[in-house]
Every structure is written in C-alpha cells, then in structure tokens.
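> Give the three-dimensional model of this entry:
(one chain, ligands or ions: 2)
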Amino acid sequence: MATILAIETSCDETAVAIVKNRQVLSSIVSSQIELHRIYGGVVPELASRQHLEIINPCIAQAISEAQIDWQQIDAIAATCTPGLVGALLVGVAAAKTLAMIHNKPFLGVHHLEGHIYASYLAQPELQPPFLCLLVSGGHTSSIYVKDYGEYKLLGATRDDAAGEAFDKVARLLNLGYPGGPIIDRLAEQGNPRAYQLPEGRISLPEGGYHPYDFSFSGMKTAVLRLVEKLESQGEIPVADIAASFQDTVARVLTRRSIKCALDHNLNTIAIGGGVAANSGLRKYLQQAAEKHDLQVCFPPMKFCTDNAAMIGCAAAEHFNLGHTSSLNLNVQSRMAIEKVMQLYQYA
Ligand code: KG4
Ligand code: ZN
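Ligands and ions are numbered 1, 2, ... in the order given. Prediction:
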C-alpha cells in the first residue's frame, strides 16, 4: 500500500491530494476560474503566479484533512507533463523540495495518465484493457489502455480540443467563460436539430476518413458563419444554436469512440476531462454503449476535472511497481502518452 502526496499544477487548478493506492485520503482543489474569467481563457503567467501563492496552504490543508504525518507518506508526486511550463514548474519544484527535505522518493506523472487513473479511483475494480476517452479544455484523445503504464493513442483532435470548442462557441455567442456548462444548460431549452453543422471528419491521403480522429475548428467556424448570417436577419436563436452544436459534438465523440472500442475488442469505455460532464455526451454514450453491450465508466465530476487525487493514484501504481523519477527530471510542455515510462527509473 503506497501513500502518496501528489501535486497538480499543469493548468489553472492548484491541487494537492493524499492518496493510498486507489483510496483518496484528502483532495484539495483551488480553481483559478475567477482569475482568468475576464480574459475569456487561461493566461499562463497569471496561472503560475497564482499556483505559487496558493501551493503551500494547499499542501498544509491536504495533510491536515488526511490526518497524516510525513512519516506515513511514502513518496511525493507532481504532474510534470503536458501543460503550461511555468505552471508545471511550480508543482514540480514544490514536490522535489519536499522529497529532498523529507528524504522521500519523487515521481513525475503524465497528466493524461492521471486522467486515466481517475477511472480507477471511481471504479477500483476496473482493469485494463479498456478505452479511455479524454475530453477536456486542453485534450481530446482516445487512448487504448493496454496494461499498466502501456498506452496507445488511437484518436485525437487535429485542432481545437472539445472543451476549447465549447469555450470558443460560448464566447462568440457572448455567453461567458467557461462555455461548456453554460452551453449545456442552454441546450436544454433548444432544438438540437435546428441547424446542421459539419462533423469534422479528417480526410486520409489514400481516400476515406480517419475513423477515430476529431476536428472541432470547422464546427466552430460554421457556428460563426451561422451567427453572422442570423445577426443580419434579426434576433439570434441562441438556445437552438447551443443545442445543435452540443448535439453535433456529442454525436461525433460517441460515434468515433464506440467504433474505436469495437474495432479493438474493448468492452469498456472510461471517460474523463471536464467535457465528461456534458449531458448530451453522457446520454448518447450511455445509449450507444447499451446498444453495443459495452460498459461505460463515468467518474464523478470531482475526478473528471483536474485534481491531484488522480495524479496520486497513478503515482501509487508506479511506486508499487518500483518506479521512481530522478530529481533531474524536467517539466515538458508536451509528451506522448506512449512515452510515460521514460519518466521513471526502475528499482
Ligand atoms: O478537465 P477540465 O476541468 O480542465 C482542463 O482543460 O484540463 O476541463 C475544462 C473544460 C472547459 O473547456 C469547459 O468548458 C468544459 O471542460 N466543460 C464542459 C462542461 N463542463 C465543463 N463542456 C461541455 N459540457 C459541460 N457540462
Ligand atoms: Zn486535465
């Protein structure tokens, strides 16, 4: 049983958690949404400064809520890739410093592997292989979880992430930030069949379409053109546009991930990231899964959005397998999920 203190600062949430394998002892998440709201998106320099301000109180609170002392902690972990470099640096520097002071091993964690481990937190009996559909403000990826630490990226967005598309469409409809929850609420009152939007299919050089990749920027541009056209005609039917956009995104994500799971003989789809909250996506995925006799794991929202418990859970798995990271490990803005094992030295 590994007890891990984990830190997550890859974007705009400062998070610290104490995790014992797949059990969460405490999980502190300080969101910066209010700080970035007036800019309509995350400002990297402001994010790093805020992480620096708040990280020590978050660590103290996580330890106090877990009612644990340093002797009971086996290792210190932090997200080291992918993410905003300045933001990642704050969490990694804090984790390395704590590891040195308390003479504990340090583990760097891949943020997407953390999102995958949110499913293990929600369903501790879950076992690979399964397909993980990660849909957040920064990522849209279909990841084949072959085994512990063994991943293959089967599908990804070629441009905007799904959450980013929700945010951009909300901005052009003057709805505020972050856009996903606002569009979700508005869509309830709109007609999802009111407007037809492009499904963002990726053409292959040999002909046909990529079966699992996504593109959301065309959908966003189509909404922009639609708004321009409707503006010249009078009032804009915002709820119908929100419902049509959400319906298209949900349909596309569902169709391609179900195909991806079936093509690879996987009978479980685990979902993660902020867009996993979307009611349209949940409904379509649940219906399609039932039709094809697949299981869907929807972790609770507190584990879908960025948090440190999922990072601690991934770190505990690596620690139990004898993996630790060098104190010379650097942060990286990008790193393929297939390369996670490069973060570790083996005992
Ligand atoms: O995972 P997350 O909290 O942060 C990262 O991007 O890592 O995801 C935030 C994204 C935002 O783009 C937000 O608009 C979107 O998730 N989101 C939603 C919903 N709730 C949050 N998108 C669609 N429907 C929702 N209900
Ligand atoms: Zn994330």
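
> Contact residues of this protein facing ligand 2?
S136, D306 (C-beta under 5 Å from the ion). Heads up, the C-betas are built off the backbone N, CA and C, glycines and all.

> So which residues of the chain form helices?
In the chain, the segments counted as helices under DSSP state H are 33-37, 44-66, 85-102, 111-122, 162-172, 179-187, 217-233, 238-263, 279-291, 301-304, 309-320.

> now the ones you listed as TSV including distance to L25, mean pLDDT and mean neighbour count?
Putting these into TSV (distance: least, C-beta to C-beta, whole Å; pLDDT from 0 to 100; neighbours: other C-beta atoms under 10 Å) gives the following:
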stretch	distance to L25	mean pLDDT	mean neighbour count
helix 33-37	26	82	13
helix 44-66	4	93	17
helix 85-102	16	98	20
helix 111-122	12	95	26
helix 162-172	29	95	24
helix 179-187	29	96	21
helix 217-233	41	94	15
helix 238-263	32	98	22
helix 279-291	29	97	17
helix 301-304	14	91	18
helix 309-320	9	97	29
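
> which one of those helices lies closest to I18?
helix 44-66 (3.9 Å; C-beta to C-beta).

> ok, back up a step: possible to save the helices of the chain as CSV with distance to D74?
CSV is the format used below for those (distance: least, C-beta to C-beta, whole Å):
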stretch, distance to D74
helix 33-37, 33
helix 44-66, 13
helix 85-102, 11
helix 111-122, 17
helix 162-172, 34
helix 179-187, 36
helix 217-233, 44
helix 238-263, 35
helix 279-291, 36
helix 301-304, 22
helix 309-320, 6
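
> any idea how far F303 is from the spatially most central residue of the chain?
For the chain, G273 is the residue whose C-alpha lies nearest the centre (C-alpha atoms, centre = their mean; 3.3 Å). From G273 across to F303, the span is 11 Å (C-beta to C-beta, to the nearest Å).

> Going by proximity to ligand 1, name the top residue of the stretch 101-250 of the chain.
Here the residue of the stretch 101-250 of the chain nearest ligand 1 is G180; by C-beta to the nearest ligand atom that distance is 2.1 Å.

> from memory that residue sits against F166, does it?
Yes - using C-beta atoms under 8 Å, G180 is in contact with F166, at 4.0 Å.

> list residues touching both of these two?
By C-beta atoms under 8 Å, 6 or more residues apart in numbering, G180 and F166 have these common neighbours: V275, N278.

> Just the CA trace of stretch 114-127, in CSV.
In CSV, the C-alpha atoms belonging to stretch 114-127 read as follows (Å, rounded to 0.1, in the frame of the first residue of the first chain):
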residue,chain,number,x,y,z
GLY,A,114,-3.6,10.9,-14.3
HIS,A,115,-6.9,11.4,-16.1
ILE,A,116,-6.9,7.7,-16.9
TYR,A,117,-6.4,6.9,-13.2
ALA,A,118,-9.5,8.9,-12.3
SER,A,119,-11.4,5.9,-13.7
TYR,A,120,-9.6,3.6,-11.3
LEU,A,121,-10.5,6.0,-8.4
ALA,A,122,-14.1,5.8,-9.4
GLN,A,123,-14.1,2.1,-10.0
PRO,A,124,-11.2,0.5,-8.1
GLU,A,125,-12.0,-3.0,-9.6
LEU,A,126,-11.5,-1.6,-13.2
GLN,A,127,-8.8,-3.4,-15.0
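
> So what touches that stretch?
8, 22-24, 79, 130, 132, 134, 136, 139, 143, 145, 151, 268, 270-273, 297-300, 303-304, 307, 309-311, 313-314, 317.

> before we move on, what about stretch 253-262?
Applying C-beta under 8 Å, 6+ apart, the contact partners of stretch 253-262 are 131, 133, 135, 140, 142, 154-155, 162, 211-214, 267-269, 275, 281, 284-285, 288-289, 292, 294.

> let's see it at 7 Å
The contact list for stretch 253-262 (C-beta atoms under 7 Å, 6 or more residues apart in numbering) reads 131, 133, 135, 142, 154-155, 162, 211-212, 214, 269, 281, 284-285, 288, 292, 294.

> Show the contacting residues for the one residue in the stretch 1-150 of the chain that gets nearest to ligand 2.
As assessed by C-beta to the ion, ligand 2 sits closest to S136 within the stretch 1-150 of the chain, at 4.6 Å. Residues near S136 by C-beta under 7 Å, 6+ apart: A161, G163, G273, G274, V275.

> ok, those residues vs ligand 2, which is closest?
When those are ranked by distance to ligand 2 (C-beta to the ion), G273 comes first, at 6.0 Å.

> Not counting residues beside it along the chain, what's closest to the closest one?
Among residues not flanking G273 along the chain, S136 sits closest, at 3.2 Å (C-beta to C-beta, 6 or more residues apart in numbering).

> the domain parsing of the protein - what is it?
Domain ranges of the chain: 3-117+305-346, 128-303, per automatic domain parsing.

> and stretch 28-46, is it in reach of ligand 1?
No - figure legend: stretch 28-46 not in contact with ligand 1 (C-beta under 6 Å from any ligand atom); closest approach 8.5 Å.

> Show me what that stretch is in contact with.
Contacts for stretch 28-46 (C-beta under 7 Å, 6+ apart): 11-17, 47, 50, 54, 58, 61-62, 84, 86-87, 167, 171, 177-178, 307.
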